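*Asks:* Sequence first, predicted model second:
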Amino acid sequence: MPIVTLTSDYGWNDPDTAAVRGAIYGEMLRTQSAAPLVDISHGIPPRNHQEAAYVLRAAYPTFPKGSIHIVLVDCFDLTAYSPIAMEMDGHYFLSLNHGGLSLLRPDLKPSQIIRLDLKNRLELQTTEALLAAAAAHLLNRGALGLLGPVESELRQLQVVHPEVKNAQTAIVHVQYIDHFGQLVTNAHRDWLKSWHGDHAFSAVVRGRKVSVALKDSQTLNDGGLLYHRINRYGYLEIGISQPGSHGVNTAASLLGAKVNDPIELQRKA
């Protein structure tokens, strides 16, 4: 059974998130369709497409094929960019064509992109209303092509990629800081493999060398020890064992690191 998900930069306290959910349920009632509505995250920093892409990229494959993912990040101005519906990897993604969706799976080409043009619903004047109506149409097994004309181009956003400096060093960047204050870099397991093979390496974060490497779900018994490992979503993570709560004694606070900060990887001899 398809599921509808929500990812936004609306925050958890303002009424906007509840209003979106109300619009979606209203369209379900109107079309006599039904599906669970799941919040993936509303804590995306304002207009942070990179973080939204990481969070959704990690989450969406766990949902059933045919699920519909509404992405409302930097989506208040409907006049600046067209609303679109995109089919990719057996899922539907609804957002504005401002480039955010281009970061989701750069390794995959969408099978179809439609510019939403619901001529029979002229009362739909907001992004949320349009995407809610499109989601209900897809829940009713309506064809994607009936939602409007083909969009010829998916707008692209540029992001920083890992860079190999030489055989011994590479530069990666922090793309996300998780709830525990661990630093998730933009270096995927496959990219690391192509750079260092099976050689060990250290990570240097703001002058602090992190040499302890953990494997899979391995943990450290001693609290406060810095480590690096591949997280469950395949990305290099710099963390600390038994981090504190509320941002205290975390890898991010201890190292003074922020999103987009560079990290040097040094291959061991």
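*Replies:* Looks like it arrived, so ask away.

*Asks:* Any idea how many residues pack against residue 154?
*Replies:* Look at residue 154: counted by other Cβ atoms under 10 Å, it has 15 neighbours. Every residue, glycine included, has its C-beta placed from N, CA and C.

*Asks:* okay, how far is it across stretch 255-267, tip to tip?
*Replies:* 21 Å (Cα to Cα, to the nearest Å).

*Asks:* residues making contact with that stretch?
*Replies:* Identification of contacts with stretch 255-267 by Cβ atoms under 8 Å, 6 or more residues apart in numbering yields 48, 50-51, 160, 167-177, 183, 185, 187, 195-196, 199-206, 208-209, 226, 238, 251-252.

*Asks:* filter these to the buried ones?
*Replies:* With burial judged by 16 or more other Cβ atoms under 10 Å, the buried subset of the contacts of stretch 255-267 is 48, 50-51, 170-177, 183, 185, 187, 195-196, 201, 203-205, 226, 238, 251-252.

*Asks:* so who does the closest residue to residue 57 other than its chain neighbours touch?
*Replies:* Of all residues beyond its chain neighbours, the one nearest residue 57 is residue 104 (5.7 Å), with distances taken as Cβ to Cβ, 6 or more residues apart in numbering. With contacts defined as Cβ under 8 Å, 6+ apart, the neighbours of residue 104 are 53, 56-57, 88, 93.

*Asks:* Give me the subset of these that lies in helices.
*Replies:* Members of these lying in helices (criterion: DSSP state H): 53, 56-57.

*Asks:* how far does stretch 146-160 stretch from start to finish?
*Replies:* OK, stretch 146-160 end separation, Cα to Cα: 36 Å.

*Asks:* before we move on, the earlier item: take the buried ones among the contacts of stretch 255-267 and keep only those in helices.
*Replies:* Per DSSP H, the buried ones among the contacts of stretch 255-267 map to helices at 50-51, 195-196, 251-252.

*Asks:* follow-up on the earlier one: in strands, which of the contacts of stretch 255-267 fall?
*Replies:* Within the contacts of stretch 255-267, residues falling in strands by DSSP state E are 169-177, 183, 185, 187, 201-205, 208-209, 226, 238.

*Asks:* quick one on the thing from earlier: let me have the contacts of residue 104 in TSV, extended by distance to residue 151 and neighbour count.
*Replies:* Output for the contacts of residue 104, formatted as TSV (distance: Cβ to Cβ, whole Å; neighbours: other Cβ atoms under 10 Å):
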residue	distance to residue 151	neighbour count
53	19	25
56	19	26
57	21	16
88	13	19
93	12	25
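
*Asks:* what would the residues you listed look like in a markdown table with pLDDT and distance to residue 6?
*Replies:* Below are the contacts of residue 104 laid out as a markdown table (pLDDT from 0 to 100; distance: Cβ to Cβ, whole Å):
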| residue | pLDDT | distance to residue 6 |
| --- | --- | --- |
| 53 | 95 | 15 |
| 56 | 96 | 10 |
| 57 | 95 | 16 |
| 88 | 96 | 18 |
| 93 | 98 | 12 |
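
*Asks:* State the pair within the residues you listed that is farthest apart.
*Replies:* Checked with Cβ to Cβ, those reach their widest spread between 53 and 88, with 12.5 Å between them.

*Asks:* re the thing from before, out of the ones in helices among the contacts of residue 104, which one sits closest to residue 3?
*Replies:* Using Cβ to Cβ, residue 56 comes nearest to residue 3 of those, at 13.4 Å.

*Asks:* In this structure that closest one contacts residue 69, no?
*Replies:* Yes. Using Cβ atoms under 8 Å, residue 56 is in contact with residue 69, at 6.4 Å.

*Asks:* what's the overlap in contacts for these two?
*Replies:* Joint contacts of residue 56 and residue 69 (Cβ under 8 Å, 6+ apart) are 7, 40.

*Asks:* returning to that earlier point: rebuild the contacts of residue 104 as TSV, extending it with distance to residue 141.
*Replies:* Shown next, in TSV, are the contacts of residue 104 (distance: Cβ to Cβ, whole Å):
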residue	distance to residue 141
53	28
56	23
57	26
88	18
93	18
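
*Asks:* For the chain, which segments count as strands?
*Replies:* 4-8, 37-41, 68-72, 83-88, 91-96, 112-115, 163-164, 169-177, 183-188, 201-205, 208-210, 226-230, 235-240, 262-267.
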